[in-house]
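Asks: Just a sequence and a predicted model for now, questions to come.
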Amino acid sequence: MGIVYDPELYRATEKDFAPYEFAECARSPFQTWHTDMQLDNGYYATIMFAFTGPLRTVLLQIVDDKGEIAVESIQFFDEEDCEYIKDGYEIHIGENFFIGNFPNIVIHANDPENNAGVDLVVEFESMPIKSELPNGVGTGRINTPNMPVAIAWYFAPWAKITGTMTVAGKTMDVSGYGWTDHQFGTDDFFTRACQYYYWACFPLGDEIIVLFEAQGGAAQGYRNMKWLWNFKDGKVFSYERNADYYIYATDIEEGDTVPKRLMYVFEGDRIRGKVTADFKVLMQKQPVESPPLKAMLNRAVYDCHAEMEIDGKKIDTTFERILEAAWTLDPPPGFVTQAEPPIIQQAVPQQAAEEPEPPAETGDVGSGRLSIKSKLREVLADPEGNAVLEKHLPGISNDPNTKLGYGMKLSMLFKMPQTGVSKEQLAQIDRELRSIK
């Protein structure tokens with residue numbers, strides 16, 4: 001593929017950015033809404049809303065003008081704390097929201113525990129697009145016939161950003177430029193859809209280059225995929241699925257996963273040259289648990305130098321960009337990649353059986369004003385409830401990571417394997433909380 005026939009066929013609408021309603025056969029569905037930005041005051045920021053099964057997440061990361069992480073916030077919420085419009089771009093998680101009124105988006109993200117937040121208006125200066133025709137799904141298919149693993153992506157590569165940002169209780173006016181997108185998939189991204197990926201967006205005057213390289217998982221036969229989009233004057237001009245470019249990640253220190261240098265070499269007929277990116281500021285180095293595998297997501301700001309030629313026009317420019325590189329780490333001993341299940345099994349809903357919550361006690365159990373159906377914040381705020389959790393999980397009330405789960409019910413929070421709470425222990429916590437009068 002090359003120059004697109006009609007750019008308007010690629011235009012994404014508010015409906016494309018709305019939460020996707022998955023078919024029941026989706027085994028481990030996820031979707032995210034993500035905006036990153038480089039601000040005129042030297043700050044960088046990322047805001048992400050995420051749906052992972054019944055879990056709802058709001059992530060806010062801010063790096064200040066000295067290159068220090070000023071805010072690193074992840075808030076977890078229950079499914080019931082989320083509201084959205086089915087066919088429109090309006091998502092509320094707790095008191096946080098993304099509201100789209102194309103070509104604008106309004107974002108409010110607030111973390112009261114960290115005295116941090118943002119109130120922003122995102123104005124598209126390039127058209128939002130479906131990453132691939134006909135419906136934005138680049139891997140697999142979500143229309144009949146469904147495929148067991150499908151990944152979709154909609155994005156606007158260049159947007160003006162204005163509003164306010166609060167760090168440590170201090171609010172400041174901000175402006176700058178950034179990127180925004182919506183992604184979703186039907187199965188776990190790293191164990192089944194992807195082994196690694198590189199993502200980049202390069203602003204080159206009236207040209208923008210967006211690329212995404214990935215090594216597919218078992219469902220894709222482990223094939224290498226290289227997408228490339230070229231925008232001219234804000235509209236998508238060309239799209240290639242197997243583009244001629246190569247990425248070199250170098251200067252990775254022993255024991256680290258962040259490349260200190262990335263080089264992108266383009267050898268296509270229309271797009272030729274290279275972009276050299278040197279590490280400047282770390283934004284995010286996040287382990288992603290995908291049992292039995294673990295992946296590492298690396299996001300950082302790089303100083304970039306582009307020496308390019310596009311359609312015969314020479315471009316030599318420098319700029320800063322947030323770039324991503326992510327990959328699975330060494331698998332555990334004895335790990336064998338599982339083959340796809342027979343097609344007849346794929347057509348049957350593969351929902352995991354939900355574990356029943358401990359039954360409500362009867363008899364001498366008190367008023368039941370607290371239980372494992374209460375949220376962590378409510379239990380810790382109650383002196384007697386706090387004492388119950390401290391008894392079973394010493395130090396929980398003083399652990400700085402505890403606040404990440406404030407918005408979650410204990411029944412959901414303590415099912416996460418990282419907490420180390422057994423079914424029996426959860427039932428005992430429930431009994432003790434219900435006995436509080």
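Replies: Sure, I can see it.
Asks: pLDDT weak spots in the protein?
Replies: 1, 25, 143-148, 190-193, 218-220, 288-293, 330-368, 404, 417-418 (pLDDT under 70).
Asks: Show me where the stretch 251-400 of the chain has its strands.
Replies: 261-267, 271-290, 293-310, 313-328 (DSSP state E, counting those that start in this stretch).
Asks: Thought Gly273 was touching Met308, still the case?
Replies: Yes - in this structure, Met308 is within contact of Gly273 by C-beta atoms under 8 Å, at 3.6 Å. C-betas here are computed from N, CA, C, even on glycine.
Asks: any common contacting residues for these two?
Replies: Counting by C-beta atoms under 8 Å, 6 or more residues apart in numbering, the residues touching both Met308 and Gly273 are Phe266, Ile315.
Asks: Redo the strands of the stretch 251-400 of the chain as a markdown table? Include mean neighbour count and distance to Trp158.
Replies: Formatted as a markdown table, those follow (neighbours: other C-beta atoms under 10 Å; distance: least, C-beta to C-beta, whole Å):
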| stretch | mean neighbour count | distance to Trp158 |
| --- | --- | --- |
| strand 261-267 | 17 | 18 |
| strand 271-290 | 17 | 16 |
| strand 293-310 | 19 | 15 |
| strand 313-328 | 16 | 11 |
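Asks: okay, those in TSV with distance to Glu424 next?
Replies: TSV is the format used below for the strands of the stretch 251-400 of the chain (distance: least, C-beta to C-beta, whole Å):
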stretch	distance to Glu424
strand 261-267	49
strand 271-290	24
strand 293-310	28
strand 313-328	34
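Asks: Of those strands, which is nearest Arg431?
Replies: Judged by C-beta to C-beta, the one of those that comes nearest to Arg431 is strand 271-290, at 30.1 Å.
Asks: Point out the other helices and strands that that closest one packs with.
Replies: The contact analysis (3 or more C-beta pairs under 8 Å, 6 or more residues apart in numbering; DSSP states H and E) places strand 271-290 against strand 44-52, strand 55-63, strand 194-204, strand 261-267, strand 293-310, strand 313-328.
Asks: and it, which strands flank it?
Replies: Within its sheet, strand 271-290 is paired with strand 261-267 (antiparallel), strand 293-310 (antiparallel), according to DSSP bridges.
Asks: With distance to Gln75 added, can I get those in TSV?
Replies: TSV is the format used below for the strands paired with strand 271-290 (distance: least, C-beta to C-beta, whole Å):
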stretch	distance to Gln75
strand 261-267	31
strand 293-310	18
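Asks: out of those, which comes closest to Leu380?
Replies: strand 293-310 (29.7 Å).
Asks: what's the angle between that closest one and strand 194-204?
Replies: Orientation check (axes from the mean of the first three to the mean of the last three C-alpha atoms, to 10 degrees): strand 293-310 against strand 194-204 gives 30 degrees.
Asks: thinking in terms of the whole chain, how far from its middle is strand 293-310?
Replies: 17 Å (C-alpha atoms, centre = their mean, to the nearest Å).
Asks: Now do that strand against strand 313-328, angle only.
Replies: Using the same axes, to 10 degrees: strand 293-310 against strand 313-328 is 170 degrees.
Asks: and Arg369, what does it touch?
Replies: Contacts of Arg369 by C-beta under 8 Å, 6+ apart are Ile436.
Asks: Next, find the distance separating His92 from Ser435.
Replies: Separation of His92 from Ser435 (C-beta to C-beta, to the nearest Å) stands at 35 Å.
Asks: swap in Gln61?
Replies: Look at Gln61 and Ser435: by C-beta to C-beta, they are 41 Å apart.
Asks: Could you check which of the two has the larger neighbour count?
Replies: Between Gln61 and Ser435, Gln61 has the larger neighbour count (other C-beta atoms under 10 Å), namely 21 against 16.
Asks: Go ahead and confirm the more buried one touches Thr35.
Replies: No - judged on C-beta under 8 Å, Gln61 makes no contact with Thr35 at a distance of 11.3 Å.
Asks: Counting by contacts, list what the helix or strand hosting Arg431 packs against.
Replies: Under the criterion of DSSP states H and E, Arg431 resides in helix 423-434. Applying 3+ C-beta pairs under 8 Å, 6+ apart, we find helix 423-434 packed against helix 383-392, helix 410-413.
Asks: Where do the domain boundaries of the protein fall?
Replies: Here the domain parsing of the chain from automatic domain parsing is 1-140+151-186, 194-209+216-224+242-330, 376-434.
Asks: Next up, the contacts around Tyr264.
Replies: For Tyr264, the contacting residues are Ala200, Phe202, Leu211, Tyr245, Tyr246, Ile247, Lys274, Val275, Ala277, by C-beta under 8 Å, 6+ apart.
Asks: ok, 6 Å please
Replies: Contacts for Tyr264 (C-beta atoms under 6 Å, 6 or more residues apart in numbering) come out as Ile247, Val275.
Asks: What of Met308?
Replies: Gly273, Ile315.
Asks: mind redoing it with 8 Å?
Replies: With the criterion set at C-beta under 8 Å, 6+ apart, Met308 makes contact with Leu204, Ile209, Phe266, Ile271, Arg272, Gly273, Lys274, Val275, Lys314, Ile315, Asp316.
Asks: Same check on Tyr177?
Replies: By C-beta under 8 Å, 6+ apart, the residues touching Tyr177 are Met37, Gln38, Glu125, Trp158, Ala159, Lys160, Ile161, Pro203.
Asks: what's the spacing between the second one and Leu60?
Replies: When C-beta to C-beta is applied, the distance between Gln38 and Leu60 equals 16 Å.
Asks: So which of those two has more stuff around it?
Replies: The neighbour count for Gln38 versus Leu60, taken as other C-beta under 10 Å, is higher for Leu60 (22 against 19).
Asks: partner residues bridging the more buried one?
Replies: With DSSP bridges as the rule, Leu60 is bridged to Ile47, Ser73.
Asks: Kindly report the same for Phe124.
Replies: Going by DSSP bridges, Phe124 forms beta bridges with Ala159.
Asks: Would you agree it is in contact with Asn101?
Replies: No - in this structure, Phe124 is not within contact of Asn101 by C-beta under 8 Å, at 11.1 Å.
Asks: more crowded one of these two?
Replies: Between Phe124 and Asn101, counted using other C-beta under 10 Å, the more crowded position is Phe124 (17 against 12).
Asks: and the more buried one, what is it in contact with?
Replies: Applying C-beta under 8 Å, 6+ apart, the residues near Phe124 are Phe102, Pro103, Asn104, Ala156, Trp158, Ala159.
Asks: same deal with Arg299?
Replies: Residues in contact with Arg299, defined by C-beta under 8 Å, 6+ apart, are Asp36, Thr46, Leu282, Met283, Gln284, Lys285, Ile322, Leu323, Glu324.
Asks: redo that, cut-off 6 Å
Replies: Contacts of Arg299 (C-beta under 6 Å, 6+ apart): Met283, Gln284, Glu324.
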